[in-house]
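# Fold the following, please.
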Amino acid sequence: MKTIEELGDVAGLRVLVRSDLNVPIDGDTIGDDGRIRASLPTLVQLARAGAKVIVTAHLGRPKGTPDPKFTLAPVAKRLGELLQPEGITVRFAADVTGDSAQEAVQELDEGEVLLLENVRYDPREESKDETQRGALAEELAALADVFVSDGFGVVHRKQASVYDVARQLPHAAGGLVLAEVDVLKKLTESPQRPYVVVLGGAKVSDKLAVIDNLLAKADKLLIGGGMVFTFLKAQGHEVGKSLLEDDQLDTVKGYLETAKAKGVEIVLPTDIVVAPEFKADSPATVVAADAIPADQLGLDIGPESAKAFAAEIAGAKTVFWNGPMGVFEMEAFAGGTKAVAQALTEVDGLSVVGGGDSAAAVRQLGFADDAFGHISTGGGASLEYLEGKELPGLAVLEED
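Sure, this is the predicted structure:
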């Protein structure tokens, strides 16, 4: 993949950047601006080089039509606040490739940044029809001279602003994409050992392929979150009202057998924090993992398990974590996730927080981004890479 430096002198050029600015937002309030901050280095690099920087990005799922709930206007405002100390002005276009975008590009000065409105307002962005995607890509390409792909959270999507536009313009990978790929290579090609993978989140089915692939690479897999109850059930334990995927029991039994045969240890919780209801004020108690009452549901790994998981992480040289250990949004059920996060900050080696809910959790729980070796901006993209899948948005960058 070409780097920005290999594009040559970009001064005076219109550079279209695909960023990932898909942040949690409530009205005009941004809950976590981590992805916006992660996009800054590439934008600053281009602006300082004298480029006219045009950013395209999405927010949420507006289903191909303009929806005020998903406007990028608040993101443009925050981007402007973050770039102001760099002396960089941020403009905002009220459409994707229409009159507002075209006029704003015409008015854009060297060293300025223009954010286009939510690209998913246009139904062609996510179309399965290559002709439709290609038509939108042509309109985006007409606004620019070169393309920089820097939205790692969308590189697993074959979408107009990610894939098709790269085939129409000279292109390069931005610094964020290059950094993400470098970390993922360290996790898959030559990890320092011991290599511990921590998986959580709601469902086993969301992580089947990554478990399958990592069984051949990791030394230990620590399993928490809602998915753990399918593992416990597969071992013959009752799980009460806990989240359970009955249709995955045979698959999980197979994983347990494969791990044993490969010498990979799958570590499950020995105790669970349970409650009668999925509510923040529901009375929480701690029970043994093999003795969950029929009228209770598990909402976090227990304190002894949290200590055990932390000890496993402490002894590792490489740790990849994807998925919270419990319902971290509720204080009573955040202990396991907090213990795992704390342990990752103390790893003597590479610690990677795999994006998505895990990234949101560490920030909500008060951890600084630089306390970890790397916080990914793309949970889904990271998982698909670890599954061994080809990511279209990366593959196209390797084309001449």
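
# Quick check on residue 156: phi, psi?
phi -90, psi 0 (degrees, to the nearest 10).

# 51 is where my numbering starts, stick with that
Fine by me, first position is 51 from now on; the one you just mentioned is residue 206.

# Next, count neighbours for it.
22 (other C-beta atoms under 10 Å). (C-beta placed from N, C-alpha, C; glycine too.)

# That one: what's it in contact with?
Going by C-beta atoms under 8 Å, 6 or more residues apart in numbering, residue 206 touches 428, 430, 431, 434, 435, 439, 441, 442, 443.

# swap in residue 101?
Contacts of residue 101 (C-beta under 8 Å, 6+ apart): 60, 61, 62, 63, 64, 65, 160, 161.

# How about residue 279?
289, 292, 293, 294, 348.

# Could you single out the nearest of these to residue 213?
residue 293 (34.6 Å; C-beta to C-beta).

# Just the element for that closest one, please.
Assigned by DSSP states H and E, residue 293 belongs to no helix or strand.

# With the one 10 residues further on instead?
Taking DSSP H and E as the definition, residue 303 sits inside helix 299-312.

# what does residue 279 give?
helix 278-284.

# Using CSV, write out every CA atom in that helix.
Extracted as CSV, the C-alpha positions of helix 278-284 are listed here (Å, rounded to 0.1, in the frame of the first residue of the first chain):
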residue,chain,number,x,y,z
VAL,A,278,-19.6,-17.3,28.2
PHE,A,279,-22.9,-18.9,29.0
THR,A,280,-22.9,-20.9,25.8
PHE,A,281,-19.5,-22.2,26.8
LEU,A,282,-20.7,-23.1,30.3
LYS,A,283,-23.8,-24.8,29.0
ALA,A,284,-21.6,-26.8,26.6
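
# what about that helix, distance to the chain center?
26 Å (C-alpha atoms, centre = their mean, to the nearest Å).

# With stretch 259-270 instead?
19 Å.

# For it, measure first residue to last.
Taking C-alpha to C-alpha, to the nearest Å, the first and last residues of stretch 259-270 lie 16 Å apart.

# Identify each buried residue in it, please.
Buried positions in stretch 259-270, judged by neighbour count with 16 or more other C-beta atoms under 10 Å: 260, 261, 263, 264, 265, 267, 268, 269, 270.

# Which helix or which strand is home to the first one?
I take that to be residue 260. With DSSP H and E as criterion, residue 260 is part of helix 258-264.

# which stretches of this protein form helices?
Counting by DSSP state H, one finds helices in the chain at the ranges 84-98, 123-133, 149-157, 180-192, 225-238, 258-264, 278-284, 299-312, 353-364, 385-395, 406-414, 429-436, 442-445.

# Just send these back as JSON lines, with distance to residue 55 and mean pLDDT too.
Output for the helices of the chain, formatted as JSON lines (distance: least, C-beta to C-beta, whole Å; pLDDT from 0 to 100):
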{"stretch": "helix 84-98", "distance to residue 55": "9", "mean pLDDT": "96"}
{"stretch": "helix 123-133", "distance to residue 55": "21", "mean pLDDT": "98"}
{"stretch": "helix 149-157", "distance to residue 55": "24", "mean pLDDT": "98"}
{"stretch": "helix 180-192", "distance to residue 55": "22", "mean pLDDT": "98"}
{"stretch": "helix 225-238", "distance to residue 55": "10", "mean pLDDT": "94"}
{"stretch": "helix 258-264", "distance to residue 55": "33", "mean pLDDT": "86"}
{"stretch": "helix 278-284", "distance to residue 55": "45", "mean pLDDT": "96"}
{"stretch": "helix 299-312", "distance to residue 55": "42", "mean pLDDT": "93"}
{"stretch": "helix 353-364", "distance to residue 55": "37", "mean pLDDT": "98"}
{"stretch": "helix 385-395", "distance to residue 55": "32", "mean pLDDT": "97"}
{"stretch": "helix 406-414", "distance to residue 55": "28", "mean pLDDT": "87"}
{"stretch": "helix 429-436", "distance to residue 55": "24", "mean pLDDT": "86"}
{"stretch": "helix 442-445", "distance to residue 55": "19", "mean pLDDT": "96"}
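
# mind checking which of these is nearest residue 251?
Closest among these, using C-beta to C-beta: helix 406-414, at 6.4 Å.

# what is the orientation angle of the closest one with helix 84-98?
90 degrees (axes from the mean of the first three to the mean of the last three C-alpha atoms, to 10 degrees).

# now helix 406-414 against helix 429-436, angle please.
130 degrees.

# Tell me how far helix 406-414 lies from the chain's centre.
10 Å.

# Report all helices and strands that it contacts.
Judged by 3 or more C-beta pairs under 8 Å, 6 or more residues apart in numbering; DSSP states H and E, helix 406-414 is in contact with strand 368-372, helix 385-395, helix 429-436.

# Not counting its neighbours along the chain, what's nearest residue 221?
In space, and not counting its chain neighbours, residue 221 is closest to residue 197: 4.4 Å by C-beta to C-beta, 6 or more residues apart in numbering.

# Tell me what residue 316 is bridged to.
Residue 316 has these beta-bridge partners by DSSP bridges: residue 271.

# Residue 93 against residue 133, yeah?
Yes: between residue 93 and residue 133 there is a contact under C-beta atoms under 8 Å: 7.0 Å.

# Which residues are in contact with each of those two?
residue 163.

# who's more crowded, the two?
residue 93 (28 against 20).

# ok, now how distant is the more buried one from residue 103?
6 Å (C-beta to C-beta, to the nearest Å).

# one step back: the contacts of residue 279: which two are farthest apart?
Taking C-beta to C-beta as the measure, these have their most distant pair in 294 and 348, spaced 10.0 Å apart.

# give me the number of residues near the closest residue in space to residue 330 that isn't next to it in sequence?
Once flanking residues are discounted, residue 330 sits nearest to residue 380: 4.2 Å by C-beta to C-beta, 6+ apart. If you count neighbours by other C-beta under 10 Å, residue 380 ends up with 17.

# just checking, residue 380 touches residue 325?
No: using C-beta under 8 Å, residue 380 is not in contact with residue 325; the gap is 9.2 Å.

# Now do the shared contacts for the two.
By C-beta under 8 Å, 6+ apart, the residues touching both residue 380 and residue 325 are residue 349.

# What are the neighbouring residues in contact with residue 308?
By C-beta under 8 Å, 6+ apart, the contact list for residue 308 reads 265, 314.
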